[in-house]
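Colleague: predicted coordinates and the sequence they were generated for:
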Amino acid sequence: RDIFSRNTLIRDYNKVSEFEILSKKYNQAFSLKQSEINNPLVSLTLQSIKLITGTEFSSVKDFKSYIDSTENYFYHDRILKEEFSNELLSGLQNNPNDRDYRYMLFSLGLSPWIYLNSNLNPTKEQWDNNYWKNVPSNMNYFDYVGIFWFGNSSEKLRAKKYLSDFTNKDFTEPAEYLEWYYKNKFNYNFEL
């Protein structure tokens, strides 16, 4: 759910559309505002949408229009922008007790202390120097592996080029790039 791909957003759209239909069927209120949701499945889907797009949409129709626009085609570029880092920090500071959000940050590559210590609420300087400093390059690589795995055809081509350039290898499978990274960055041994 955290791969910055058009396919992820299409999957997210299908989920929120289905939840909206079910909400109407059972006369339940439905919203795309994270603060108005108490269904954990919808909440995780909205978290994915916000992470990838940087936007909280007011309706499923608005979200669909965003997906269909040609100017918002490759979302991955957000990862290396300071705006993205600031959004994540703001989300942490504004919701310090949100365990799901903290877990998402940990899943993106931040220190386990972000998840394990709910009292940890870093300042901008602490965030930049201690928590975020090494995350973008690792997250960038892993997201490209994910895009090579799950992206649409044009995203896969772009991901393959990045991964080949980064590794100087021409692997055919995303798993091979993942294995290369763990072998070369963390000295993991995959031999039996």
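Modeller: Everything's here; your move.

Colleague: and the contacts of the helix ranked longest in the chain?
Modeller: Identified as the longest helix of the chain according to DSSP state H is helix 6-25. For helix 6-25, the external contacting residues (C-beta atoms under 8 Å, 6 or more residues apart in numbering) are 1-2, 28-30, 32, 39, 41-42, 45-46, 48-49, 52-53, 60, 63-64, 67, 73-75, 150-152, 155. C-beta here means a position set from N, CA and C on the backbone, and glycine is covered the same way.

Colleague: tell me the buried residues in that helix?
Modeller: 6, 8, 9, 12, 13, 15, 16, 19, 20 (16 or more other C-beta atoms under 10 Å).

Colleague: got the residues you listed as CSV, with pLDDT columns?
Modeller: Below are the buried residues of helix 6-25 laid out as CSV (pLDDT from 0 to 100):
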residue, pLDDT
6, 91
8, 93
9, 94
12, 96
13, 96
15, 95
16, 94
19, 92
20, 92
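
Colleague: closest to residue 188 out of those residues?
Modeller: Nearest to residue 188 out of these is residue 8 (C-beta to C-beta; 26.9 Å).

Colleague: between the two ends of stretch 68-87, how far is it?
Modeller: 24 Å (C-alpha to C-alpha, to the nearest Å).

Colleague: please apply the same query to stretch 23-33.
Modeller: Terminal residues of stretch 23-33 are spaced 15 Å apart (C-alpha to C-alpha).

Colleague: next one: it to chain centre, how far?
Modeller: 25 Å (C-alpha atoms, centre = their mean, to the nearest Å).

Colleague: could I get the contacting residues of the closest residue to residue 50 other than its chain neighbours?
Modeller: With sequence-adjacent residues excluded and distances taken as C-beta to C-beta, 6 or more residues apart in numbering, residue 50 is closest to residue 56, at 5.8 Å. Applying C-beta under 8 Å, 6+ apart to residue 56 gives the contacts 32, 33, 34, 46, 49, 50.

Colleague: please report how far the second one lies from residue 49.
Modeller: To tie it back to what came earlier, the one meant is residue 33. According to C-beta to C-beta, to the nearest Å, residue 33 and residue 49 sit 12 Å apart.

Colleague: who's more crowded, those two?
Modeller: Between residue 33 and residue 49, counting by other C-beta atoms under 10 Å, residue 49 is the more crowded of the two (25 against 10).

Colleague: Three-state assignment for the more buried one, please.
Modeller: With DSSP: H, G, I helix; E, B strand; the rest coil as the basis, residue 49 sits in helix.

Colleague: just give me the residue right at the centre of this structure.
Modeller: The residue lying closest to the centre of the chain (C-alpha atoms, centre = their mean) is residue 2, at 3.0 Å.

Colleague: may I ask which helix or strand encompasses that one?
Modeller: Under the criterion of DSSP states H and E, residue 2 resides outside all helices and strands.
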